[in-house]
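Novice: Fold the following for me, if possible:
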Amino acid sequence: MAARFQFRLEPLRKLREALEREAERALARALQAEREVRDHLASLADQRQALFESRRTAPGQVLDLTLWRNGERFLVVLERRQVEGYERLREASAQVAAAREALVLAHRNHLMLVRLKERRALQHAREQQLREAIEMDELAVLRYHRQSA
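Specialist: Below is the predicted model:
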């Protein structure tokens, strides 16, 4: 009767698989955060462009200085927000890179155990075949001795 293969490191393999899935989720969260920062920066750029468009006057039209000053103040606020946004984007990109690196490491650790399990299963199958072949040879020898006796 063939002995069933049992990988002794299976609990560790399952743990590493779970860690890999968690690393994938962490990368997805980091990518989402980076996407949100990029969207925010795009929104600020659109607001800035809209401000410039609203300040444009037709030839011969009177210039409203109050509107112009308010626009300048808002432009300063937008530039400050953009600087903060670029800093957050740099941090988010660093987090994405770290999460990607953690995922690569987790995948490598999980894959190492998967390959080890495959090698051990193959080795177990070969050993099992060898044992069966030896048993068959012994049975054949016993039958031969019975028939010749």
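
Novice: Which elements pack onto the helix or strand containing residue 83?
Specialist: Taking DSSP states H and E as the definition, residue 83 sits inside helix 65-148. Under the contact definition 3 or more CB pairs under 8 Å, 6 or more residues apart in numbering; DSSP states H and E, helix 65-148 sits against helix 10-55. Every residue, glycine included, has its C-beta placed from N, CA and C.

Novice: what residue is smack in the middle of this protein?
Specialist: residue 24 (3.5 Å; CA atoms, centre = their mean).

Novice: Once you drop chain neighbours, what's closest to it?
Specialist: Excluding the flanking residues, the one nearest residue 24 by CB to CB, 6 or more residues apart in numbering is residue 103, at 6.0 Å.

Novice: Let me see the contact set for the one you found.
Specialist: Residues counted as contacts of residue 103 (CB atoms under 8 Å, 6 or more residues apart in numbering) are 20, 23, 24, 26, 27.

Novice: so where's the protein uncertain?
Specialist: For the chain, the stretches flagged by pLDDT under 70 are 1-2, 58, 149.

Novice: Count the residues that sit near residue 11.
Specialist: Residue 11 is flanked by 9 other residues according to other CB atoms under 10 Å.

Novice: Going forward, count from 4.
Specialist: In the new count, where the first residue is 4, that last one comes out as residue 14.

Novice: quick one: the residue nearest to residue 27 and residue 123, what's the gap?
Specialist: From residue 106 over to residue 123 the distance is 26 Å, taken as CB to CB, to the nearest Å.

Novice: how many neighbours does residue 56 have?
Specialist: Neighbour tally, residue 56, other CB under 10 Å: 8.
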